[in-house]
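In: no letters, just coordinates:
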């Protein structure tokens, strides 16, 4: 009886731990609605609505004053899904999407550790750490890349330690979906390429009789893995843009203007607790590899590559966190650890109970989200809703010169005024964006820049450097008149154009 009661108590504790692990972040989002502060999501929503209305895939710079530029929109399928969700749920679709994505991140990181035979509580702790350091998630396509990368890593590692390539046949299907959701599927291709290289090197070392290879790593059939790699690469061409997405990857993800102007592309400053946690987790992962006293080529290569990239670009921290927790999940295969893992195994009915409870709680939280008017009030705290309403009601002249941080929102909320710039780095390229940032940063004369000179209306951040110049410099204040101002935005109109209306 005591053992039965103890078993039931452990099961209840596991259920509670999994429920909190999978639902806590989502419930937090339902209260704070941080998804509504994501600037890029509005551009995706606008594009998704356009795809639904026109039943076509965009190939040029829609909603922009550079509409003639070619646009390979790698996230078109995400936009379509978001557009459908918005049509059904309205503005609630955005926070609901982020709630689901946060739950998925919790689940996939937990399963990644458990697949490495890590104990139940180790998986819970490492999943919590991963969620903590991969912070600031937004309802954007890159979250799907985190999820798919984790799934791919789990498939590769499980095949590597089982000696069977059967699970790897899921990879072509994974890449087919991934390539139509987000352009960082290229990172997944690189991971698969590193896996194949590691297999080739280990095959060569085995031929030399290398005894330093880990006995836990079983040889995989190279021909079969090579075929799967080729099929996965071919699957990424099954998009409306074909092979063009791969060369566009670096332009979209690692452009020069992004490194210069976007804080997320800077290296870790170690001014946040998360940075120190990442460093500690990575150090522990390298230590775990070293303690095995055998060469595990794949794990070593992905840890080295992920560390070099993540510590240089804080946006890509997940590229080292996921391999690190996967490595830590395999730190020991001693018999006592295996028996402990078996004692804390999650049974099928427990998974069903946790999934049901999590789904019910998230559904209740989704139903209790505020209505559209309340959500628009929340949105107006971060974006120039009132300024846009003023522009439309007073029919201010076109074209529009807008603040970069407003651009994506304007494509959705102010569709009558094509933007001069928004967050689509891959559309505008370094030349246009560099010129834009030089203008708003004061490196170029405002009155001589064609983007400003042709603008009829200027929508700028409240008291930004450019707004102050238009107010205070006599040469500019005589050309542009402030017609509206609130806590977020200033609206200026070109004097001569205003008088000609």
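Out: Good, I have the coordinates. Not measured: the values here are computed from a predicted model. Numbering: from 1, shown residues only.
In: residues contacting residue 158?
Out: 115, 167 (C-beta atoms under 8 Å, 6 or more residues apart in numbering). The C-beta positions use only the backbone N, C-alpha and C, and glycine is treated the same way.
In: what pLDDT is listed against it?
Out: For residue 158, the model assigns a pLDDT of 90.
In: from the chain's centre, how far out is the helix or strand it falls within? Work that out for me.
Out: According to DSSP states H and E, residue 158 maps onto helix 142-162. Taking the mean C-alpha point of helix 142-162 and that of its whole chain, the gap between them comes to 16 Å (C-alpha atoms, centre = their mean, to the nearest Å).
In: then stretch 170-180?
Out: Taking the mean of its C-alpha atoms, stretch 170-180 sits 17 Å from the chain's own mean (C-alpha atoms, centre = their mean).
In: give me the contacts around it.
Out: Contact with stretch 170-180 is made by 74, 76-77, 144-145, 148, 151-152, 155, 185, 188-189, 192, 228, 231-239, 245, as judged by C-beta under 8 Å, 6+ apart.
In: buried ones in that stretch?
Out: In terms of neighbour count (16 or more other C-beta atoms under 10 Å), stretch 170-180 has its buried residues at 171, 172, 174, 175, 176, 178, 179, 180.
In: over to stretch 188-202?
Out: Buried-residue list, stretch 188-202, by 16+ other C-beta under 10 Å: 188, 189, 191, 192, 194, 195, 196, 198, 199, 201, 202.
In: excluding chain neighbours, what is closest to the first one?
Out: In space, not counting the residues next to it along the chain, residue 188 is nearest to residue 152; the distance is 5.3 Å by C-beta to C-beta, 6 or more residues apart in numbering.
In: mind checking how far that neighbour is from residue 17?
Out: Counting by C-beta to C-beta, to the nearest Å, the gap from residue 152 to residue 17 is 26 Å.
In: who's more crowded, the two?
Out: Here residue 152 and residue 17 are set side by side on neighbour count (other C-beta atoms under 10 Å), and the busier one is residue 152, at 25 against 17.
In: does that one touch residue 192 like I think?
Out: Yes: Residue 152 is in contact with residue 192 according to C-beta atoms under 8 Å; the separation is 7.1 Å.
In: tally of neighbours for residue 53?
Out: Under the neighbour criterion other C-beta under 10 Å, residue 53 is assigned a count of 9.
In: so what pLDDT did it get?
Out: In this prediction, residue 53 carries a pLDDT score of 96.
In: and it, what element?
Out: Residue 53 is part of helix 40-54, with elements assigned from DSSP H and E.
In: which other helices and strands contact that helix?
Out: Contacts defined by 3 or more C-beta pairs under 8 Å, 6 or more residues apart in numbering; DSSP states H and E place helix 40-54 against helix 76-89, helix 407-413.
In: tell me which element the closest residue in space to residue 196 that isn't next to it in sequence falls in.
Out: Nearest residue to residue 196 in three dimensions, chain neighbours excluded: residue 229, at 5.4 Å (C-beta to C-beta, 6+ apart). Assessed by DSSP H and E, residue 229 sits inside helix 222-235.
In: does anything pack onto that helix? Which helices or strands?
Out: helix 171-179, helix 185-207.
In: how close does residue 487 get to residue 310?
Out: Taken as C-beta to C-beta, the span from residue 487 to residue 310 is 36 Å.
In: more neighbours, these two?
Out: Here residue 487 and residue 310 are compared on neighbour count by other C-beta under 10 Å; more neighbours surround residue 310, at 23 against 10.
In: next, the more buried one: phi, psi?
Out: Per-residue torsions, residue 310: phi -70, psi -40 (degrees, to the nearest 10).
In: do you know how far it is from residue 278?
Out: Taking C-beta to C-beta as the criterion, residue 310 is separated from residue 278 by 7 Å.
In: for the two, list the residues in contact with both.
Out: Common contact partners of residue 310 and residue 278 (C-beta under 8 Å, 6+ apart): 268, 317, 320, 321.
In: among those residues, name the ones in helices.
Out: If you go by DSSP state H, the shared contacts of residue 310 and residue 278 have 320, 321 in helices.
In: hmm, which of the shared contacts of residue 310 and residue 278 is lowest in pLDDT?
Out: When those are sorted by pLDDT, the bottom entry is residue 268 at 89.
In: dump the residue contacts of that one.
Out: Contacts for residue 268 were tallied using C-beta under 8 Å, 6+ apart; they are 275, 278, 310, 311, 314, 317.
In: of all these, which two lie farthest apart?
Out: The most widely separated members of the contacts of residue 268 are 275 and 310, with 10.1 Å between them, by C-beta to C-beta.
In: low-confidence ranges in the stretch 351-500 of the chain?
Out: Within the stretch 351-500 of the chain, the stretches with pLDDT under 70 are 496-500.
In: all helices for it, in order.
Out: All helices of the stretch 351-500 of the chain, identified by DSSP state H, counting those that start in this stretch, fall at 372-379, 385-393, 407-413, 425-440, 450-453, 465-472, 474-477, 495-499.
In: which of the ones you listed sits most buried?
Out: Each of these was given a mean neighbour count from mean count of other C-beta atoms under 10 Å, and the largest, a mean of 25, is that of helix 407-413.
In: that helix packs against which elements?
Out: The helices and strands touching helix 407-413, judged by 3+ C-beta pairs under 8 Å, 6+ apart, are helix 40-54, helix 385-393.
In: what residues are up against the nearest residue to residue 74 once chain neighbours are set aside?
Out: The shortest distance from residue 74 to any non-neighbouring residue, by C-beta to C-beta, 6+ apart, is to residue 183 (3.8 Å). Counting by C-beta under 8 Å, 6+ apart, residue 183 makes contact with 74, 75, 245, 248, 249, 252, 253, 426.
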